[in-house]
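Novice: pasting the sequence and the predicted model now:
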Amino acid sequence: MPILWNDPIALADSGQTLHLASINDGEEKATQASVDQAIAKAVELLPDSLFDDAMFMLFEWHSDKRQLDINITDAGKKQNADIIVRVILDGTYVPDVELLKYWLKDYLSSSTGFLHYSLIAAFTDADRQSVQML
């Protein structure tokens with residue numbers, strides 16, 4: 001089932017645009033398909049997200065909020081793109097961190113849209129200084 005994206009939200013404090021969806025899946029396969037669609041959305045928005053010092057496509061998992069943020073950032077992970085893709089897993093099924101990382105790697109490894117760019121995929125479930133390459 002396709003994700004229903006909210007209208008983009010302008011974040012006045014940062015000047016960024018947030019693309020937000022809430023996923024209410026109760027099974028592993030459906031949740032994986034929804035996460036795949038979120039990655040596809042971030043890849044689709046890459047041409048508008050890139051900036052001169054862009055290095056990482058950063059996947060930030062906030063388990064307490066059940067929230068995955070996808071952003072383009074620089075080497076120091078301080079400068080961010082103008083676009084953020086965020087999905088909130090509101091359903092009864094929430095993957096563990098290792099499974100979520102597997103899904104991300106699996107999708108990106110065959111995404112021609114992502115592979116077209118010279119970005120490094122990175123993941124964190126802590127802070128931006130503690131990232132793991134995917």
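Specialist: Structure received.

Novice: now do the helices in this structure.
Specialist: With helices called from DSSP state H, the chain shows them at 28-44, 46-49, 97-109, 112-115.

Novice: nearest spatial neighbour of K65, skipping sequence neighbours?
Specialist: I88 (7.0 Å; C-beta to C-beta, 6 or more residues apart in numbering). Yep, even glycine has a C-beta here, placed from its N, CA and C like the rest.

Novice: and the helices of the chain as TSV, adding mean pLDDT and distance to I70?
Specialist: Formatted as TSV, those follow (pLDDT from 0 to 100; distance: least, C-beta to C-beta, whole Å):
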stretch	mean pLDDT	distance to I70
helix 28-44	92	4
helix 46-49	89	9
helix 97-109	95	9
helix 112-115	91	11
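
Novice: mind putting these in TSV, distance to S63 included?
Specialist: Formatted as TSV, the helices of the chain follow (distance: least, C-beta to C-beta, whole Å):
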stretch	distance to S63
helix 28-44	14
helix 46-49	25
helix 97-109	7
helix 112-115	24
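
Novice: what sits up against stretch 65-75?
Specialist: Stretch 65-75 has contacts (C-beta atoms under 8 Å, 6 or more residues apart in numbering) with 35, 38-39, 42, 46, 49-51, 53-62, 79-81, 83-90, 94, 100, 119, 128.

Novice: name the spans of this protein whose pLDDT lies under the cut-off.
Specialist: Residues of the chain meeting the criterion pLDDT under 70: 1.

Novice: who's in contact with F51?
Specialist: So, once contact is read as C-beta under 8 Å, 6+ apart, F51 ends up touching I72, D74, Q79, A81.

Novice: give the contact list for the third one.
Specialist: Contacts for Q79 (C-beta under 8 Å, 6+ apart) come out as F51, D53, T73.
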